[in-house]
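Enquirer: Sequence first, predicted model second:
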2 protein chains.
Amino acid sequence: MNNKAIGIFDSGIGGLTVYKALKEKMPDEKMIYLGDTARLPYGSKSAETIIKFSEDNAFFLLDRDVKIIVVACNSSSSYAVPNLQDKLDIPVLGVIEPGAEAAVKWSKGCIGVIGTTATISSKAYDRAILEKDANANIIAKDCPLFVPLVEEGWLQHPVTRLVIEEYLLPLKEQGIDSLVLGCTHYPVLKNSITDVLGKDIKLIDSAEVVTEKVYSILKSLGWLRQGRSVGVQEDEFYVTDFPERFKKVGEIFLNRKIEKVTAVSI
Amino acid sequence: MNNKAIGIFDSGIGGLTVYKALKEKMPDEKMIYLGDTARLPYGSKSAETIIKFSEDNAFFLLDRDVKIIVVACNSSSSYAVPNLQDKLDIPVLGVIEPGAEAAVKWSKGCIGVIGTTATISSKAYDRAILEKDANANIIAKDCPLFVPLVEEGWLQHPVTRLVIEEYLLPLKEQGIDSLVLGCTHYPVLKNSITDVLGKDIKLIDSAEVVTEKVYSILKSLGWLRQGRSVGVQEDEFYVTDFPERFKKVGEIFLNRKIEKVTAVSI
């Protein structure tokens, strides 16, 4: 198992924040990333459809012989992970559970949760948090402008600063002590969000928390790769549509070029 | 034919700008609007799929006995209108042709075209304009933040002003004399865009130009409705998903409540 790859899928490009966190923690591991860009967004689709698409994605990665699958998509994490865990023989992890767990562990008072309109309306984080702490105090807010701002690359732009203030200062005023970044795009805005909210509000970055989980699972199974680092160019990136756009926007996420992105149909 | 309704479809909510323009010009007419919110966005889908979805939408409206169909969606207008015109016995109009025609008629120099990333990459407006004037000088720019800004209702917000400046001042500096609003959401931002660009740059609003076309076709066929105005509450609104969201965001477009939005599957 040790030399097999870590598989990651997302409906699009946001999962690259998870890829990046995994790669930083485990540079020796080979990663295979699939973005289902032809069928995004998942957030506006039914649970049934999301489960079906997620299975397609998981089987694509299984065919490439991965040892663990990270579901770096909130909608898939919310609806499809239990089903995948039942069906597959390898470990499957979503981003919602680890995010909720970290929030409950950290917060002493009120937990803020932000995400796309679809994620927030689904109340997936609320449910996951309340399962762990039935008395948790949660304030959820959708931030629909964050994804297009990230994809424009306006990470430190005055517009982005203003939008962050508009969305998040009311949460600060309501006394949140932690903020779950409930969308895989948002970690790219972490510095700008901290500039607005200050350092006393803990940002819960699901990319980071899921990475810790993956590491501890692989370690406990004895499946960590031994030996030399796998160069980032040896990692494999697949999309179901628009590889050029993935390359271009991917640079914003990774701060480096992705040389090769392969279009596949699944 | 006179008493039959005008049918309008869009992949989502943006087509309400077209509905609004039609209603202002022809208050006597009954309108039936369909937003295919379960399957949006169309911009990221293949031509084949867009043609298939557009047919579904058109047949839904035909079943409700409309006399003309307005395709208030740029992707459908670009790919599906000729096919619908072949297949259906009633007139079918898209938003791209009238927009391109108005731009060529008006411009003495350089035509600006703005739209979503999908519309701009498709070069649908470029093609339609060049067909009418092979020497036309076109500057196209995608403005991916405009749709989420409109859907947030931030029409006069300082953020919106800044984004408009960032996107459109370079086009002004490059000397455009007209600007095609190549997305059905954008007419809602017309005042803010004029504030930034000044009144010398003509805004070509496809909702308005397609309305003129519809009026002249119905008039020439003798199909205009005679007699009393049809109240806006008698118009029918259908969506394939999320009627509540359509109601909420619809208010931003129409400046009034939509009392009844019916969810249908097509």
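Expert: The structure has been received and is ready for your questions.
Enquirer: domains of chain A?
Expert: For chain A, automatic domain parsing gives the domain ranges A:5-95+A:208-263, A:97-206.
Enquirer: Of all the ones you listed, which one is nearest chain B?
Expert: Proximity of the domains of chain A to chain B was assessed by Cβ to the nearest Cβ; the nearest stretch is domain A:97-206, lying at 4.9 Å. Bear in mind the C-beta positions are built from the backbone N, C-alpha and C, glycine included.
Enquirer: how far is the closest one from where the chain is centred?
Expert: Centroid separation for domain A:97-206 versus its chain: 13 Å, with Cα atoms, centre = their mean, to the nearest Å.
Enquirer: same check, this time on stretch A:201-219
Expert: The answer for stretch A:201-219 is 10 Å, by Cα atoms, centre = their mean.
Enquirer: what comes up buried for it?
Expert: Buried residues in stretch A:201-219, counting neighbours by 16 or more other Cβ atoms under 10 Å in any protein chain shown, are found at A:201-211, A:213-214, A:218.
Enquirer: Tell me the one of those nearest B:Leu22?
Expert: B:Leu22 has its nearest neighbour among the buried residues of stretch A:201-219 in A:Ser206, at 45.2 Å by Cβ to Cβ.
Enquirer: did I read that right, A:Ile69 in a helix?
Expert: No - remark: A:Ile69 does not belong to a helix; assigned using DSSP: H, G, I helix; E, B strand; the rest coil, it is strand.
Enquirer: For A:Cys110, grab phi and psi.
Expert: Phi and psi for A:Cys110, reported as degrees, to the nearest 10, are phi -110, psi 130.
Enquirer: what sits opposite it in the beta ladder?
Expert: Beta bridges link A:Cys110 to A:Asn137, A:Ile176, judged by DSSP bridges.
Enquirer: nearest to B:Ile120, of the buried residues of stretch A:201-219?
Expert: The closest of these to B:Ile120 turns out to be A:Ala207 (Cβ to Cβ; 30.7 Å).
Enquirer: you'd agree the closest one is up against A:Val18?
Expert: Yes - using Cβ atoms under 8 Å, A:Ala207 is in contact with A:Val18, at 4.5 Å.
Enquirer: Looking at the buried residues of stretch A:201-219, which are in strands?
Expert: Judged by DSSP state E, strands contain the following of the buried residues of stretch A:201-219: A:202-205.
Enquirer: Does anything pack onto the helix or strand of chain A with the lowest mean pLDDT? Which helices or strands?
Expert: Within chain A, no helix or strand scores below helix A:117-122, which has a mean of 90 by mean pLDDT, DSSP states H and E. Helix A:117-122 sits against helix A:74-79, strand A:137-142, with contacts defined as 3 or more Cβ pairs under 8 Å, 6 or more residues apart in numbering or on different chains; DSSP states H and E.
Enquirer: May I have the strands that pair with the helix or strand where A:Phe9 lies, each with its orientation?
Expert: If you go by DSSP states H and E, A:Phe9 is part of strand A:5-10. The pairing partners recorded for strand A:5-10 under DSSP bridges are strand A:31-35 (parallel), strand A:66-71 (parallel).
Enquirer: got a list of contacts for the helix or strand following that strand?
Expert: Using DSSP H and E, the next helix or strand after strand A:5-10 towards the C-terminus is helix A:16-25. Outside helix A:16-25, the residues that touch it by Cβ atoms under 8 Å, 6 or more residues apart in numbering or on different chains are A:6, A:8, A:10, A:29, A:31, A:33, A:70, A:72, A:95, A:184-188, A:205-208, A:210-212, A:214-215, A:232, A:235, A:250, A:253-254.
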